[in-house]
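Engineer: Build me a structure from this.
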Amino acid sequence: MAAAMPRPSRARSGKAPGRWEEFAERGSLGALRLMARLYNLLGRRLSRAILHPIAAYFFLHDRGSRGLSRRYLERVWVYPEGRAHLRGRPGFFAPYWHYHEFALQIFDRMVLWGHGLSELRMDHQGSEHLFALKRERRGGILIGAHLGSFDMPRQLAGGHGITLNVVMFTAHAERINRFFKSLDPTSQMRVLNLEPGSVGTSFEIKACLDRGELVGIMGDRLPAGGGDTPVLIDFLGVPMAFPLSPFRLACLLGVPAFLSLCLRKGDAHYEAVVRPLGNVSKVSRHDRDKAAVELARAWVQGLEQACLEHPYQWFNFYDTWEQA
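Structural biologist: The predicted structure follows:
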């Protein structure tokens, strides 16, 4: 990993292609409803067949994301460990499998919200860290990514009486989120809406942590409209801008921070991974920024390894390297 360098915040133009929140919002709500009906009528194997035409539709019509997908897969191809997990050298049709994986994970999200973990297999790696926090009544920050499923940890936490609050920017996916909520009206997961330029979310996060709850934050995308200090860290061989605020928050509050991912290992089979990033409980004010960058670097290293092992499961379709 190259040295990481904080940079002044810069708002995005909002015109870049590849906004997968908008992709999900604009076209897949009807498909989700159809999949839910087919799943209940026909079961998993037959209802999954609809994913191929869905993936083909967006492959043909979403040229911006298609190009960004191929660029990302070409970066993965450079690494032998990444090459081993691709379907061949990325060519014109390579992004199709990226779209298909995205559709499959939305499909499993629908299954999860409608049926819980009874119809999915979940393995755990590192969950003992969360159980220790629960015993000690301490809060912690789970820093995830647009890699794999972000709904599986919700079920894992809820199944063990652990309160998980998820920070997310909901504006582009309001209808989709309402659809999933309708599948499980009893869900206790709390969503903290990330509002650009607002300090209210920060106070809510602190209150959750003070109560000994977990807070989940995405760490692979700068917030819409700016409002964060990017830090440049090498990712797949090229400097990429990552938000520093999740790591600064952990250092400021002295709470444990973890890499948190949930990756698909096979059909209806996932593995939740929780990995501590470092001890920041006694970081001095003078050393906070340095410690935050070190946490970010450790997190990105884990993210990069996961992307090489599961390349089609990263769904961060902004031109993230161009932002750097």
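
Engineer: Under the pLDDT cut-off, which ranges of the stretch 201-324 of the chain? List them.
Structural biologist: Applying pLDDT under 70 to the stretch 201-324 of the chain flags residues 224-227, 318-324.

Engineer: ok, which stretches of it are helices?
Structural biologist: 245-253, 288-309, 320-323 (DSSP state H, counting those that start in this stretch).

Engineer: Need the winner for burial among these.
Structural biologist: By mean neighbour count, with neighbours taken as mean count of other CB atoms under 10 Å, helix 245-253 ranks first of those at a mean of 22. In short, each C-beta sits where N, CA and C put it, glycine included.

Engineer: tell me what that one is packed against?
Structural biologist: strand 140-144, helix 200-210, strand 257-266, helix 288-309 (3 or more CB pairs under 8 Å, 6 or more residues apart in numbering; DSSP states H and E).

Engineer: ok, and what's touching that helix?
Structural biologist: 139, 141, 143, 202, 205-206, 209, 217, 219, 228-229, 256-257, 277, 280, 283, 288-289, 291-293, 295-296, 299 (CB atoms under 8 Å, 6 or more residues apart in numbering).

Engineer: What segments of the stretch 1-150 of the chain are helices?
Structural biologist: 20-27, 29-42, 44-47, 51-61, 63-77, 80-83, 94-115, 128-136.

Engineer: can I get those helices in CSV with distance to Arg264, mean pLDDT and mean neighbour count?
Structural biologist: Below are the helices of the stretch 1-150 of the chain laid out as CSV (distance: least, CB to CB, whole Å; pLDDT from 0 to 100; neighbours: other CB atoms under 10 Å):
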stretch, distance to Arg264, mean pLDDT, mean neighbour count
helix 20-27, 17, 50, 18
helix 29-42, 17, 83, 15
helix 44-47, 14, 92, 14
helix 51-61, 13, 92, 16
helix 63-77, 16, 93, 19
helix 80-83, 17, 97, 14
helix 94-115, 7, 91, 21
helix 128-136, 21, 93, 14
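
Engineer: Any idea which of the ones you listed gets closest to Leu236?
Structural biologist: Checking the helices of the stretch 1-150 of the chain against Leu236 by CB to CB gives helix 63-77 as the closest, at 4.2 Å.

Engineer: Run the angle between that closest one and helix 288-309 for me.
Structural biologist: 90 degrees (axes from the mean of the first three to the mean of the last three CA atoms, to 10 degrees).
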